[in-house]
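Visitor: Here's my sequence, what's the structure:
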Amino acid sequence: MTDWLETCRAAAADVRGVLGELSSSAARSHVVGAGEGGDETTAIDAAAERVVVERLDSTGADFTLVSEELGIRPPRVETSPAVVVVDPIDGSINAKRGIPFFSLSIAVAEGPAMGDVVFGFVHDFGSGEEWTARRGEGAYLDGRRLEPVPPRERIEVLSLEATRTDLVARHAAALAPVAFRVRVMGSLALSLCHLAAGRVDAVCSLKPARSVDIAAAQLLVSELGLVAELCDGGPLAEAPLDLEGRSRIAAAATHTQYEQVASALR
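Guide: The predicted structure follows:
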């Protein structure tokens with residue numbers, strides 16, 4: 001049986017080695033191709049994905065791989081239900097520019113949908129924090145179980161992600177009555193983890209999120225009893241684990257606060 005936690009920790013160490021080798025912004029930002037997710041593939045994206053996939057394959061486990069650059073790789077055995085969803089660098093613009101807020105995100109699922117995720121791992125390369133969750137067993141920060149934080153009466157801090165200036169301008173007026181302050185940090189996976197720990201009160205993505213961005217972190221949110229759903233149709237649990245961004249996501253401590261954010265986005 002695969003020890004996914006130790007495998008993910010080893011993968012994080014492998015990526016940290018890549019970051020050391022590609023230490024300058026110019027080296028990290030060099031474009032080497034285009035990923036299956038639709039974005040340019042830079043040297044740091046490609047190198048990080050390579051070492052993570054090599055680490056996952058070293059386990060001998062059979063799974064469908066869903067990864068930011070590589071795309072979807074089928075399992076060796078057609079009947080294998082396992083799916084591993086990888087974003088080697090979530091927050092790649094931060095990583096390229098040396099801003100210490102980006103992560104490795106890995107989710108392991110027993111089927112093809114978000115609700116099938118049973119293990120989530122997010123490693124913050126800036127702080128060194130390790131976020132993990134197992135379905136039905138809780139969420140953890142650096143091995144310490146996270147406990148629910150009582151929700152505030154009003155959203156004080158809202159974390160925005162996927163924040164092109166035109167999208168911020170389009171939604172700012174509607175979000176102003178919903179939240180007192182905003183944070184724009186640059187990694188959707190980490191922002192969802194911070195919600196799980198009560199560091200922010202709500203999170204939303206201003207453009208459609210893909211499974212590689214949220215599959216691992218949404219499990220932490222779920223294990224804390226918080227609310228994360230797709231704003232533009234369909235339950236999050238039914239979202240397929242693929243590379244298409246179909247809907248924006250919002251998350252908050254309560255259903256009421258989730259609806260406030262989701263309604264503002266709509």
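Visitor: drop to CA atoms for contacts and neighbour counts, all remaining ones
Guide: Fine.
Visitor: The closest residue to residue 121 other than its chain neighbours sits in which helix or strand?
Guide: Spatial nearest neighbour of residue 121, excluding adjacent residues (CA to CA, 6 or more residues apart in numbering): residue 132 at 4.6 Å. Element membership for residue 132, per DSSP states H and E: strand 130-134.
Visitor: just checking, what packs against that strand?
Guide: Other helices and strands packing on strand 130-134, by 3 or more CA pairs under 8 Å, 6 or more residues apart in numbering; DSSP states H and E, are strand 117-124, strand 138-141, helix 211-223.
Visitor: Quick check: which of those is buried the most?
Guide: helix 211-223 (a mean of 28; mean count of other CA atoms under 10 Å).
Visitor: next SSE after that helix?
Guide: Of the helices and strands lying after helix 211-223 in sequence (DSSP H and E), the nearest is strand 227-230.
Visitor: As CSV, could you dump the C-alpha coordinates of that following strand?
Guide: Provided in CSV are the C-alpha atoms of strand 227-230 (Å, rounded to 0.1, in the frame of the first residue of the first chain):
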residue,chain,number,x,y,z
VAL,A,227,-18.4,25.3,2.8
ALA,A,228,-16.8,25.2,-0.6
GLU,A,229,-18.9,25.1,-3.8
LEU,A,230,-18.9,26.0,-7.4
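Visitor: and it, how far out from the chain's middle?
Guide: Centre-to-centre, strand 227-230 and its host chain are 14 Å apart (CA atoms, centre = their mean, to the nearest Å).
Visitor: Check the spacing between the residue nearest to residue 203 when sequence neighbours are not counted and residue 88 real quick.
Guide: Nearest non-adjacent residue to residue 203, counting by CA to CA, 6+ apart: residue 159, 4.7 Å away. Shown here: residue 159 relative to residue 88, a distance of 22 Å by CA to CA, to the nearest Å.
Visitor: give me every residue that touches residue 188.
Guide: Residues in contact with residue 188 (CA atoms under 8 Å, 6 or more residues apart in numbering) are 90, 91, 161, 162, 205, 213, 214.
Visitor: Spell out the secondary structure type for residue 183.
Guide: Secondary structure, DSSP: H, G, I helix; E, B strand; the rest coil: residue 183 is strand.
Visitor: and it, how far is that from residue 66?
Guide: Applying CA to CA, the value for residue 183 to residue 66 is 29 Å.
Visitor: Mind jotting down where the strands sit in the stretch 51-200 of the chain?
Guide: For the stretch 51-200 of the chain, the strands defined by DSSP state E, counting those that start in this stretch occupy 64-67, 71-73, 83-90, 103-109, 117-124, 130-134, 138-141, 144-145, 155-161, 179-184.
Visitor: want to throw the ones you listed into a markdown table with distance to residue 251?
Guide: What follows is these, written out as a markdown table (distance: least, CA to CA, whole Å):
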| stretch | distance to residue 251 |
| --- | --- |
| strand 64-67 | 23 |
| strand 71-73 | 26 |
| strand 83-90 | 18 |
| strand 103-109 | 18 |
| strand 117-124 | 17 |
| strand 130-134 | 17 |
| strand 138-141 | 16 |
| strand 144-145 | 20 |
| strand 155-161 | 10 |
| strand 179-184 | 13 |
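Visitor: Residue 2: which of those strands is closest?
Guide: Nearest of the strands of the stretch 51-200 of the chain to residue 2, taken as CA to CA: strand 103-109 at 10.8 Å.
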